[in-house]
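Trainee: Fold the following and give me the result.
(one chain, ligands or ions: 1)
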Amino acid sequence: MGGEGKVYTLADVSQHNNAKDCWLVIGGKVYNVTKFVEDHPGGEEILLSAAGKDATDNFEAVDHSRTATAMLDEFYVGDIDTSTVPSNTKYSPPNQPHYEQDKTSEFVAKLLLFLVPLLILGLAFGIRFYTKSPA
Ligand code: HEM
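Mentor: Predicted structure coming up:
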């Protein structure tokens, strides 16, 4: 925890969104890549398309080399306030109501599985009781 790492909001980062002033977020860290834009092996355009944004997914999707990842260090300016980043990577559980519907029908099926043999047993006893008495 040095004094160097400032914490920026995504709104701060989004101000630096052009070729002359280009910041982006990768893995929770803020990078000032202004000097690198022209030199990016993958092209200036694509890097600029991620300017001022959280580029974590974009960066990872390309499967950048170790060399590329190591280069990040020299552009580091601070950390992102994660509460300002939309959680598009967060997992949202699948359709809750649907899930519960499935559960109820499952429960009914289990209840029937339990009740049907009981009913048969009851019937068997009933028949036995009735067929015995006249004898
Ligand atoms: C500061 C951040 C970045 C650095 C230091 C960086 C560095 C590099 C380097 C060194 C390469 C050459 C290939 C390699 O070594 O993996 C490369 C290729 C590439 N980069 Fe980046 N990159 C950065 C961000 C991005 C972002 C945000 C995107 C997408 C929006 C991107 C898209 C690409 C593409 C498409 C290639 C070409 C891959 C290919 O030719 O197969 N890069 N980058």
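
Trainee: so who does the residue nearest to Glu44 when sequence neighbours are not counted touch?
Mentor: Counting by Cβ to Cβ, 6 or more residues apart in numbering, Glu44 lies nearest to Val37, which is 5.5 Å off, once chain neighbours are set aside. In this view, the C-beta of every residue, glycine as well, is placed from N, C-alpha and C. The neighbourhood of Val37, defined by Cβ atoms under 8 Å, 6 or more residues apart in numbering, consists of Ala19, Cys22, Glu44, Leu47, Leu48.

Trainee: now do Val62
Mentor: Val62 makes contact with Gly42, according to Cβ under 8 Å, 6+ apart.

Trainee: and Asn32, how many neighbours?
Mentor: For Asn32, the tally of surrounding residues (other Cβ atoms under 10 Å) stands at 17.

Trainee: which residues touch it?
Mentor: His16, Cys22, Trp23, Phe75, Val77.

Trainee: Next, work out how far apart the nearest residue to it once chain neighbours are set aside and Lys29 are.
Mentor: Leaving aside its sequence neighbours, Asn32 sits nearest to Val77 (Cβ to Cβ, 6+ apart; 4.8 Å). Spatial separation of Val77 from Lys29 under the definition Cβ to Cβ, to the nearest Å is 8 Å.
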